[in-house]
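Q: What follows is a predicted protein model with its sequence.
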Amino acid sequence: MLDMSDDRIRVKAGLDDLSLVRAFVERHAHSAGLSQDGAAELVLAVDEAVSNCVEHGLRGTEGEIEVCVVQQQDALRVIVRDDGALFDPTRALTAPLDVSPLDRARPGGFGVELMHRLVDQLDYRITGEGQNELTLLKRRP
Amino acid sequence: MSNELRIAVSEEKGNTPVTIMYVSGDLDSKTYGDLETKASDLIAAGAKNILLDLHEVHFMGSAGLRAMHAMSVKLKDAGGQLKLLNPSDPVARVLKTLGFDRFFDIHATRDAALKSF
């Protein structure tokens, strides 16, 4: 981990700190009043977002990933920024799940599909500094 | 915090031999390769039927599902099967959210799972 404050954690582009990011999001999800299931769903979605950054946009680079949380009146917003290759997961192809996936050779797209299904809103933009910025919003029940 | 992935293995002899893999800890993008590798080694050594005990998995992401998918395909090619035993809540969440609970053969008890092979 590079650094962490109350509402932000910054990690290197590797998989070693995934569990720290999960613990960070889980702590904020609980203090934001999300249900047990809602918190677990948000943690899982953010884990997929960060894993995507590492495995695709930042593969083999020395880049960084920043995860910020913003408490809103009715929701928790998690913002994931990275300086890897530009990639919009909200437009990425997801896995077709209408036929048995066990019959297909090597499926992909599960992570993106999970993100879509687990949060209430998923937004992507390119920041003024040219970073990927993915925002995941999970509403309180 | 991080829960290291641990995998233990036992063999059930019987009319249909079954290899049981007990998985515990976090099954994420960092660790799923360990499960795939261990399963590949077992399959290369002759395992045809694998029962994956998942009740002590504390976290699972889609990478864990990719590992299970790869295991299922390899076992099918070898004339065998992958079955799941007692998935923990984090595992069940991924399976159910993506609809994989309809495609995997999932059992609540070890005895029922072993009899089903």
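A: Alright, I've got the coordinates.
Q: per-residue confidence for residue B:14?
A: In this model, residue B:14 is scored at 80, pLDDT.
Q: ok, the residue lying closest to residue B:105 once chain neighbours are set aside - contacts?
A: Nearest non-adjacent residue to residue B:105, counting by C-beta to C-beta, 6 or more residues apart in numbering or on different chains: residue B:83, 4.5 Å away. The C-beta positions use only the backbone N, C-alpha and C, and glycine is treated the same way. Residues near residue B:83 by C-beta atoms under 8 Å, 6 or more residues apart in numbering or on different chains: B:49-52, B:104-107, B:113, B:116-117.
Q: ok, the residues you listed vs residue A:113, which is closest?
A: Nearest to residue A:113 among these, counting by C-beta to C-beta, is residue B:104 at 16.7 Å.
Q: quick one: the closest one and residue B:91 touch, right?
A: No. Applying C-beta atoms under 8 Å as the test, residue B:104 and residue B:91 come out as separate, 10.3 Å apart.
Q: more neighbours, these two?
A: Counted by other C-beta atoms under 10 Å in any protein chain shown, residue B:104 and residue B:91 do not tie: residue B:91 has more neighbours, with 27 against 20.
Q: ok but the more buried one is inside a helix, no?
A: Yes. The assignment for residue B:91 is a helix, going by DSSP: H, G, I helix; E, B strand; the rest coil.
Q: these two touch, right, it and residue B:59?
A: No. At 9.1 Å, residue B:91 does not count as touching residue B:59 under the criterion of C-beta under 8 Å.
Q: In which helix or strand does residue A:129 reside?
A: Using DSSP states H and E, residue A:129 sits in no helix or strand.
Q: Run through the bridge partners of the closest residue in space to residue A:127 that isn't next to it in sequence.
A: Counting by C-beta to C-beta, 6+ apart, residue A:127 lies nearest to residue A:133, which is 5.0 Å off, once chain neighbours are set aside. Counting by DSSP bridges, residue A:133 is bridged to residue A:81, residue A:125.
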